[in-house]
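**Q** fold the following.
(one chain, ligands or ions: 1)
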Amino acid sequence: MSRKAEATAEPITVLGLGQMGSAIARVLTSRGHPTTVWNRTATKSGPLVDAGASAAASAAEAVSASSVVVICVLDYDAVDAVLDSLGAVIAGKTLVNVTSGSPNRARTVQRWATEHGADYLDGGILGDPTDVGSAHVILSFSGSRTAFEMHGATLRELGTPTYYGEDAGLASVEFMAQVAVGYELLMGFLHTLHLVQREGVDPAEFAARAADSVNAYGPLLTAMGAAVRDRSYPPDLGPLAVQAPLMVDLVEHRRSLGVDTLRMDEVKALMDRRVADGYGDEGFSSLYALLAREAAADAHP
Ligand code: NAP
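**A** Below is the predicted model of the structure:
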(Lines give C-alpha, C1' and ligand atoms only; values in the text may rest on other atoms or scores of the structure.)
Protein backbone atom coordinates (compact mmCIF):
# COMPACT_ATOMS: atom_id res chain seq x y z
CA MET A 1 0.00 0.00 0.00
CA SER A 2 1.47 3.36 -1.00
CA ARG A 3 1.60 6.35 1.38
CA LYS A 4 -0.89 8.18 -0.89
CA ALA A 5 -3.43 5.31 -0.75
CA GLU A 6 -3.04 5.11 3.03
CA ALA A 7 -3.69 8.83 3.33
CA THR A 8 -6.86 8.76 1.20
CA ALA A 9 -8.48 5.46 2.32
CA GLU A 10 -11.63 6.36 4.25
CA PRO A 11 -12.15 5.12 7.81
CA ILE A 12 -14.70 2.27 8.04
CA THR A 13 -16.48 0.50 10.85
CA VAL A 14 -17.43 -3.16 10.45
CA LEU A 15 -20.14 -4.58 12.75
CA GLY A 16 -20.24 -8.39 12.72
CA LEU A 17 -17.12 -10.53 12.47
CA GLY A 18 -18.41 -13.87 11.31
CA GLN A 19 -16.80 -15.43 8.25
CA MET A 20 -18.01 -12.72 5.87
CA GLY A 21 -17.69 -9.70 8.17
CA SER A 22 -14.15 -10.76 9.13
CA ALA A 23 -13.22 -11.13 5.43
CA ILE A 24 -14.55 -7.63 4.71
CA ALA A 25 -12.72 -6.11 7.68
CA ARG A 26 -9.51 -7.93 6.77
CA VAL A 27 -9.55 -6.65 3.16
CA LEU A 28 -10.33 -3.07 4.22
CA THR A 29 -7.57 -3.13 6.81
CA SER A 30 -5.08 -4.56 4.31
CA ARG A 31 -5.98 -1.84 1.77
CA GLY A 32 -5.12 0.88 4.27
CA HIS A 33 -8.57 1.85 5.59
CA PRO A 34 -8.46 2.78 9.28
CA THR A 35 -10.90 0.01 10.31
CA THR A 36 -12.83 -0.24 13.56
CA VAL A 37 -14.46 -3.58 14.31
CA TRP A 38 -17.06 -4.87 16.73
CA ASN A 39 -18.60 -8.28 17.24
CA ARG A 40 -21.15 -9.60 19.76
CA THR A 41 -18.61 -12.23 20.80
CA ALA A 42 -15.62 -9.97 21.42
CA THR A 43 -12.90 -12.62 21.01
CA LYS A 44 -13.46 -12.71 17.23
CA SER A 45 -11.90 -9.25 16.88
CA GLY A 46 -8.47 -10.56 18.03
CA PRO A 47 -7.10 -11.66 14.62
CA LEU A 48 -8.28 -8.41 13.02
CA VAL A 49 -6.62 -6.32 15.70
CA ASP A 50 -3.43 -8.31 14.99
CA ALA A 51 -3.92 -7.36 11.32
CA GLY A 52 -4.14 -3.64 12.16
CA ALA A 53 -7.84 -2.96 12.96
CA SER A 54 -9.08 -1.27 16.15
CA ALA A 55 -11.61 -3.09 18.32
CA ALA A 56 -14.48 -1.18 19.95
CA ALA A 57 -16.11 -2.23 23.21
CA SER A 58 -19.65 -1.70 21.91
CA ALA A 59 -21.44 -1.35 18.58
CA ALA A 60 -22.22 2.30 19.40
CA GLU A 61 -18.55 3.03 20.13
CA ALA A 62 -17.58 1.36 16.81
CA VAL A 63 -20.15 3.44 14.89
CA SER A 64 -18.91 6.69 16.39
CA ALA A 65 -15.41 5.98 15.02
CA SER A 66 -16.24 6.24 11.27
CA SER A 67 -18.72 7.95 8.98
CA VAL A 68 -19.20 4.70 6.99
CA VAL A 69 -20.54 1.67 8.86
CA VAL A 70 -20.75 -1.80 7.29
CA ILE A 71 -22.97 -4.31 9.07
CA CYS A 72 -22.67 -8.00 8.19
CA VAL A 73 -24.41 -10.33 10.63
CA LEU A 74 -26.32 -13.59 10.30
CA ASP A 75 -29.78 -12.29 9.42
CA TYR A 76 -32.16 -9.35 9.82
CA ASP A 77 -33.13 -10.29 13.38
CA ALA A 78 -29.46 -9.85 14.23
CA VAL A 79 -29.36 -6.56 12.27
CA ASP A 80 -32.33 -5.29 14.30
CA ALA A 81 -30.69 -6.35 17.56
CA VAL A 82 -27.48 -4.47 16.71
CA LEU A 83 -29.22 -1.35 15.35
CA ASP A 84 -31.53 -1.17 18.38
CA SER A 85 -28.45 -0.91 20.60
CA LEU A 86 -27.01 2.10 18.78
CA GLY A 87 -29.13 5.00 19.97
CA ALA A 88 -28.54 8.40 18.33
CA VAL A 89 -24.94 7.71 17.29
CA ILE A 90 -26.02 6.52 13.81
CA ALA A 91 -27.27 10.02 12.83
CA GLY A 92 -25.19 11.49 10.00
CA LYS A 93 -23.52 8.15 9.16
CA THR A 94 -23.74 6.02 6.03
CA LEU A 95 -25.00 2.55 6.94
CA VAL A 96 -24.09 -0.21 4.46
CA ASN A 97 -25.94 -3.43 5.31
CA VAL A 98 -24.60 -6.49 3.49
CA THR A 99 -26.54 -9.01 5.57
CA SER A 100 -28.62 -11.34 3.37
CA GLY A 101 -32.41 -11.01 3.66
CA SER A 102 -35.68 -10.24 1.96
CA PRO A 103 -36.45 -7.03 0.02
CA ASN A 104 -39.08 -5.97 2.56
CA ARG A 105 -36.74 -6.30 5.50
CA ALA A 106 -34.21 -4.17 3.62
CA ARG A 107 -36.92 -1.54 3.03
CA THR A 108 -37.79 -1.59 6.76
CA VAL A 109 -34.16 -0.92 7.69
CA GLN A 110 -34.04 1.84 5.06
CA ARG A 111 -37.02 3.55 6.78
CA TRP A 112 -35.36 3.07 10.18
CA ALA A 113 -32.13 4.64 8.91
CA THR A 114 -33.97 7.60 7.38
CA GLU A 115 -35.89 8.18 10.63
CA HIS A 116 -32.57 8.11 12.50
CA GLY A 117 -30.84 10.56 10.12
CA ALA A 118 -28.56 8.02 8.39
CA ASP A 119 -27.95 7.36 4.70
CA TYR A 120 -28.74 3.73 3.86
CA LEU A 121 -27.27 1.38 1.29
CA ASP A 122 -28.42 -2.23 1.20
CA GLY A 123 -26.18 -4.88 -0.30
CA GLY A 124 -26.10 -8.54 -1.26
CA ILE A 125 -22.92 -10.58 -1.60
CA LEU A 126 -22.57 -13.45 -4.09
CA GLY A 127 -19.28 -15.17 -3.38
CA ASP A 128 -17.11 -16.84 -0.77
CA PRO A 129 -15.46 -15.01 2.13
CA THR A 130 -12.06 -16.19 0.85
CA ASP A 131 -12.68 -14.36 -2.44
CA VAL A 132 -13.62 -11.00 -0.87
CA GLY A 133 -11.26 -8.41 -2.31
CA SER A 134 -11.31 -9.98 -5.80
CA ALA A 135 -13.52 -9.22 -8.79
CA HIS A 136 -15.11 -12.71 -8.44
CA VAL A 137 -17.30 -11.46 -5.61
CA ILE A 138 -20.47 -9.94 -7.06
CA LEU A 139 -22.04 -7.20 -4.94
CA SER A 140 -25.54 -5.83 -5.52
CA PHE A 141 -26.41 -2.46 -3.95
CA SER A 142 -29.53 -0.31 -3.72
CA GLY A 143 -30.75 2.55 -1.60
CA SER A 144 -28.96 5.89 -1.31
CA ARG A 145 -27.45 6.80 -4.70
CA THR A 146 -25.35 9.45 -2.99
CA ALA A 147 -23.86 6.85 -0.67
CA PHE A 148 -23.07 4.52 -3.58
CA GLU A 149 -21.42 7.30 -5.55
CA MET A 150 -19.45 8.66 -2.57
CA HIS A 151 -18.19 5.28 -1.38
CA GLY A 152 -18.08 3.35 -4.69
CA ALA A 153 -14.28 3.24 -4.69
CA THR A 154 -14.28 1.54 -1.27
CA LEU A 155 -17.01 -0.92 -2.28
CA ARG A 156 -15.03 -1.84 -5.41
CA GLU A 157 -12.19 -2.94 -3.14
CA LEU A 158 -14.43 -5.76 -1.89
CA GLY A 159 -15.59 -7.10 -5.28
CA THR A 160 -17.57 -6.08 -8.35
CA PRO A 161 -20.45 -3.80 -7.29
CA THR A 162 -23.57 -2.88 -9.26
CA TYR A 163 -26.17 -0.31 -8.15
CA TYR A 164 -29.84 -1.17 -8.82
CA GLY A 165 -31.75 1.94 -7.71
CA GLU A 166 -33.04 4.01 -4.79
CA ASP A 167 -35.47 1.34 -3.52
CA ALA A 168 -33.39 -0.49 -0.89
CA GLY A 169 -35.19 -3.76 -1.70
CA LEU A 170 -33.74 -4.01 -5.21
CA ALA A 171 -30.32 -5.33 -4.15
CA SER A 172 -32.08 -8.13 -2.32
CA VAL A 173 -34.34 -8.86 -5.30
CA GLU A 174 -31.20 -9.34 -7.40
CA PHE A 175 -29.46 -11.40 -4.70
CA MET A 176 -32.49 -13.63 -4.00
CA ALA A 177 -33.13 -14.21 -7.72
CA GLN A 178 -29.48 -15.09 -8.39
CA VAL A 179 -29.40 -17.49 -5.45
CA ALA A 180 -32.68 -19.05 -6.64
CA VAL A 181 -31.32 -19.63 -10.16
CA GLY A 182 -28.43 -21.52 -8.60
CA TYR A 183 -30.49 -23.54 -6.12
CA GLU A 184 -33.16 -24.54 -8.68
CA LEU A 185 -30.50 -25.64 -11.14
CA LEU A 186 -28.46 -27.50 -8.53
CA MET A 187 -31.47 -29.29 -6.97
CA GLY A 188 -32.49 -30.62 -10.38
CA PHE A 189 -28.86 -31.54 -11.04
CA LEU A 190 -28.66 -33.59 -7.81
CA HIS A 191 -31.80 -35.54 -8.82
CA THR A 192 -30.29 -36.16 -12.24
CA LEU A 193 -27.03 -37.38 -10.66
CA HIS A 194 -29.24 -39.83 -8.76
CA LEU A 195 -30.64 -40.99 -12.10
CA VAL A 196 -27.24 -41.51 -13.75
CA GLN A 197 -25.91 -43.30 -10.66
CA ARG A 198 -28.96 -45.61 -10.62
CA GLU A 199 -28.14 -46.43 -14.26
CA GLY A 200 -24.54 -47.29 -13.33
CA VAL A 201 -22.99 -44.21 -14.95
CA ASP A 202 -20.12 -42.49 -13.09
CA PRO A 203 -21.70 -39.29 -11.65
CA ALA A 204 -18.38 -37.42 -11.70
CA GLU A 205 -17.75 -38.20 -15.37
CA PHE A 206 -21.35 -37.29 -16.24
CA ALA A 207 -21.04 -34.04 -14.25
CA ALA A 208 -18.00 -33.00 -16.32
CA ARG A 209 -20.00 -33.52 -19.53
CA ALA A 210 -23.03 -31.71 -18.05
CA ALA A 211 -20.77 -28.75 -17.15
CA ASP A 212 -19.86 -28.43 -20.84
CA SER A 213 -23.57 -28.52 -21.79
CA VAL A 214 -24.51 -25.90 -19.19
CA ASN A 215 -21.81 -23.59 -20.59
CA ALA A 216 -23.90 -23.30 -23.74
CA TYR A 217 -26.97 -22.08 -21.81
CA GLY A 218 -25.84 -18.45 -21.41
CA PRO A 219 -27.23 -17.17 -24.74
CA LEU A 220 -30.42 -19.21 -24.21
CA LEU A 221 -31.07 -17.59 -20.80
CA THR A 222 -30.58 -14.13 -22.30
CA ALA A 223 -32.95 -14.93 -25.18
CA MET A 224 -35.56 -16.33 -22.77
CA GLY A 225 -35.46 -13.17 -20.68
CA ALA A 226 -36.21 -11.10 -23.80
CA ALA A 227 -38.97 -13.56 -24.85
CA VAL A 228 -40.67 -13.22 -21.45
CA ARG A 229 -40.38 -9.42 -21.47
CA ASP A 230 -41.73 -9.18 -25.05
CA ARG A 231 -44.32 -11.98 -24.60
CA SER A 232 -43.09 -13.43 -27.88
CA TYR A 233 -41.83 -17.00 -27.67
CA PRO A 234 -39.62 -18.32 -30.49
CA PRO A 235 -39.00 -22.10 -30.75
CA ASP A 236 -35.99 -22.10 -28.38
CA LEU A 237 -34.86 -25.69 -27.68
CA GLY A 238 -37.15 -26.63 -30.60
CA PRO A 239 -40.96 -26.46 -30.93
CA LEU A 240 -43.02 -27.69 -27.96
CA ALA A 241 -44.90 -30.08 -30.26
CA VAL A 242 -41.59 -31.93 -30.80
CA GLN A 243 -40.39 -31.70 -27.18
CA ALA A 244 -43.65 -32.76 -25.48
CA PRO A 245 -43.80 -36.40 -26.68
CA LEU A 246 -40.33 -37.08 -25.18
CA MET A 247 -41.64 -36.12 -21.75
CA VAL A 248 -43.68 -39.35 -21.46
CA ASP A 249 -40.49 -41.46 -21.64
CA LEU A 250 -38.46 -38.97 -19.62
CA VAL A 251 -40.89 -39.06 -16.68
CA GLU A 252 -41.38 -42.83 -16.92
CA HIS A 253 -37.60 -43.44 -16.99
CA ARG A 254 -37.13 -41.49 -13.77
CA ARG A 255 -40.14 -43.08 -12.10
CA SER A 256 -38.88 -46.60 -12.96
CA LEU A 257 -35.61 -45.84 -11.15
CA GLY A 258 -37.24 -44.28 -8.09
CA VAL A 259 -35.89 -40.85 -9.09
CA ASP A 260 -37.83 -37.69 -8.25
CA THR A 261 -40.21 -36.50 -11.02
CA LEU A 262 -41.56 -33.30 -9.44
CA ARG A 263 -39.99 -30.82 -11.85
CA MET A 264 -40.35 -33.09 -14.90
CA ASP A 265 -44.05 -33.62 -14.10
CA GLU A 266 -44.41 -29.83 -14.10
CA VAL A 267 -42.58 -29.48 -17.43
CA LYS A 268 -44.72 -32.23 -18.99
CA ALA A 269 -48.02 -30.78 -17.73
CA LEU A 270 -47.18 -27.27 -18.93
CA MET A 271 -45.96 -28.48 -22.33
CA ASP A 272 -49.08 -30.61 -22.84
CA ARG A 273 -51.35 -27.66 -21.95
CA ARG A 274 -49.47 -25.25 -24.19
CA VAL A 275 -49.58 -27.66 -27.13
CA ALA A 276 -53.31 -28.32 -26.50
CA ASP A 277 -53.89 -24.53 -26.46
CA GLY A 278 -52.41 -24.31 -29.98
CA TYR A 279 -48.89 -23.06 -29.18
CA GLY A 280 -46.96 -26.18 -30.24
CA ASP A 281 -44.78 -24.14 -32.61
CA GLU A 282 -43.39 -22.06 -29.72
CA GLY A 283 -40.40 -22.93 -27.53
CA PHE A 284 -39.66 -23.64 -23.87
CA SER A 285 -39.95 -19.96 -22.90
CA SER A 286 -43.63 -20.21 -23.97
CA LEU A 287 -44.36 -22.15 -20.72
CA TYR A 288 -43.96 -18.80 -18.95
CA ALA A 289 -47.32 -17.70 -20.36
CA LEU A 290 -49.03 -20.32 -18.16
CA LEU A 291 -47.05 -19.36 -15.03
CA ALA A 292 -47.97 -15.70 -15.48
CA ARG A 293 -51.62 -16.59 -16.16
CA GLU A 294 -51.84 -18.77 -13.02
CA ALA A 295 -50.19 -16.09 -10.87
CA ALA A 296 -52.71 -13.53 -12.17
CA ALA A 297 -55.61 -15.93 -11.45
CA ASP A 298 -54.33 -16.45 -7.88
CA ALA A 299 -54.09 -12.69 -7.38
CA HIS A 300 -57.64 -12.08 -8.75
CA PRO A 301 -59.67 -15.26 -8.06
P1 NAP B 1 -21.39 -16.38 10.45
O2 NAP B 1 -19.97 -16.73 10.21
O3 NAP B 1 -22.30 -17.42 10.98
O4 NAP B 1 -21.42 -15.11 11.42
C5 NAP B 1 -22.63 -14.61 11.89
C6 NAP B 1 -22.38 -13.27 12.53
O7 NAP B 1 -23.64 -12.73 12.98
C8 NAP B 1 -21.46 -13.34 13.75
O9 NAP B 1 -20.69 -12.17 13.79
C10 NAP B 1 -22.49 -13.36 14.91
O11 NAP B 1 -21.96 -12.90 16.11
C12 NAP B 1 -23.49 -12.37 14.36
N13 NAP B 1 -24.77 -12.47 15.03
C14 NAP B 1 -25.69 -13.47 14.95
N15 NAP B 1 -26.77 -13.19 15.72
C16 NAP B 1 -26.52 -11.98 16.29
C17 NAP B 1 -27.26 -11.15 17.17
N18 NAP B 1 -28.47 -11.48 17.61
N19 NAP B 1 -26.69 -9.98 17.55
C20 NAP B 1 -25.47 -9.61 17.09
N21 NAP B 1 -24.72 -10.35 16.25
C22 NAP B 1 -25.25 -11.52 15.86
O23 NAP B 1 -22.06 -15.82 9.10
P24 NAP B 1 -21.33 -15.14 7.85
O25 NAP B 1 -20.85 -16.20 6.94
O26 NAP B 1 -20.38 -14.10 8.31
O27 NAP B 1 -22.59 -14.46 7.13
C28 NAP B 1 -22.96 -13.13 7.42
C29 NAP B 1 -23.89 -12.66 6.30
O30 NAP B 1 -23.18 -12.74 5.06
C31 NAP B 1 -25.14 -13.56 6.18
O32 NAP B 1 -26.28 -12.76 5.96
C33 NAP B 1 -24.82 -14.41 4.98
O34 NAP B 1 -25.98 -14.84 4.27
C35 NAP B 1 -23.97 -13.46 4.13
N36 NAP B 1 -23.12 -14.21 3.19
C37 NAP B 1 -22.29 -15.18 3.65
C38 NAP B 1 -21.55 -15.92 2.75
C39 NAP B 1 -20.62 -17.04 3.21
O40 NAP B 1 -20.22 -17.84 2.38
N41 NAP B 1 -20.27 -17.11 4.48
C42 NAP B 1 -21.65 -15.64 1.38
C43 NAP B 1 -22.48 -14.62 0.94
C44 NAP B 1 -23.23 -13.90 1.86
P45 NAP B 1 -21.28 -13.95 17.14
O46 NAP B 1 -19.89 -14.19 16.65
O47 NAP B 1 -21.35 -13.26 18.45
O48 NAP B 1 -22.11 -15.22 17.10
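
**Q** strands of the protein, residue ranges please.
**A** In the chain, the strands defined using DSSP state E lie at 12-15, 35-38, 54-55, 68-71, 94-97, 119-126, 138-143, 160-163.

**Q** out of those strands, the one nearest Met247 is which?
**A** Met247 sits nearest to strand 119-126 of all the strands of the chain, at 32.9 Å, using C-beta to C-beta. Glycine gets a C-beta too; all of them are placed from N, C-alpha and C.

**Q** right, is the closest one up against the ligand?
**A** Yes - counting by C-beta under 6 Å from any ligand atom, the ligand is contacted by strand 119-126 at Ile125.

**Q** need the winner for burial among the strands of the chain.
**A** Mean neighbour count (mean count of other C-beta atoms under 10 Å) peaks for strand 12-15 among the strands of the chain, with a mean of 29.

**Q** give me the sheet partners of that strand and which way each runs.
**A** Strand 12-15 has its sheet partners listed here by DSSP bridges as strand 35-38 (parallel), strand 68-71 (parallel).

**Q** just put those in TSV and tack on distance to the ligand and mean pLDDT.
**A** Converted to TSV, these look like this (distance: least, C-beta to the nearest ligand atom, whole Å; pLDDT from 0 to 100):
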stretch	distance to the ligand	mean pLDDT
strand 35-38	9	98
strand 68-71	9	98
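
**Q** check contacts around the closest residue to Leu139 other than its chain neighbours.
**A** In this structure, Leu139 finds its nearest non-sequential neighbour in Pro161, 4.2 Å apart by C-beta to C-beta, 6 or more residues apart in numbering. Going by C-beta atoms under 8 Å, 6 or more residues apart in numbering, Pro161 touches 123, 139-141, 148, 152, 155.

**Q** just for the protein, where's the confidence low?
**A** Segments of the chain classed as low confidence (criterion: pLDDT under 70) are 1-7, 298-301.

**Q** which residues in it form helices?
**A** Here the chain has its helices, by DSSP state H, at 3-8, 19-30, 46-50, 59-64, 76-84, 103-115, 145-156, 169-198, 203-215, 217-230, 240-256, 262-276, 288-299.

**Q** nearest to Val70, of these?
**A** helix 19-30 (6.1 Å).

**Q** circling back: Thr130: which of the helices of the chain is closest?
**A** Evaluated over the helices of the chain, closeness to Thr130 peaks at helix 19-30, with 7.1 Å, by C-beta to C-beta.

**Q** residue contacts, the closest residue to Asp260 other than its chain neighbours?
**A** In space, and not counting its chain neighbours, Asp260 is closest to His191: 4.6 Å by C-beta to C-beta, 6+ apart. Residues counted as contacts of His191 (C-beta under 8 Å, 6+ apart) are 254, 259-260, 263.

**Q** again, but for Ala171
**A** Taking C-beta under 8 Å, 6+ apart, one finds 106, 122-124, 140-143, 164 in contact with Ala171.

**Q** of all those residues, which comes closest to Val179?
**A** Using C-beta to C-beta, the contacts of Ala171 come closest to Val179 at Gly124, 8.5 Å.

**Q** what about Arg198, how many neighbours?
**A** Per other C-beta atoms under 10 Å, the neighbour tally for Arg198 reads 14.

**Q** contacting residues around the residue nearest to it when sequence neighbours are not counted?
**A** Take Arg198 and drop its neighbours on the chain: the residue closest to it by C-beta to C-beta, 6+ apart is Leu257, 4.2 Å away. By C-beta under 8 Å, 6+ apart, the residues touching Leu257 are 194-195, 198-199.

**Q** could you do Pro239 as well?
**A** By C-beta under 8 Å, 6+ apart, the contact list for Pro239 reads 280-283.

**Q** residue numbers of this protein in contact with the ligand?
**A** Residues of the chain lying near the ligand (C-beta under 6 Å from any ligand atom): 16-21, 39-41, 44, 72-75, 78, 81-82, 99-100, 125, 128-129.

**Q** try it again at 5 Å.
**A** When proximity is defined by C-beta under 5 Å from any ligand atom, the chain lies next to the ligand at 16, 18-20, 39-41, 73-74, 78, 81, 99-100, 125.

**Q** out of the residues you listed, which is most surrounded?
**A** Neighbour tally across these (other C-beta under 10 Å): the maximum, 28 neighbours, falls on Thr99.

**Q** if we can go back for a sec, need the contacts of Pro161 in TSV with distance to Ser58, can you?
**A** Supplementary listing: the contacts of Pro161 in TSV, determined by distance: C-beta to C-beta, whole Å:
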residue	distance to Ser58
Gly123	24
Leu139	28
Ser140	30
Phe141	27
Phe148	28
Gly152	29
Leu155	26
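
**Q** which one among the contacts of Ala171 gets closest to the ligand?
**A** For the contacts of Ala171, the minimum distance to the ligand (C-beta to the nearest ligand atom) is 7.4 Å, reached by Gly124.
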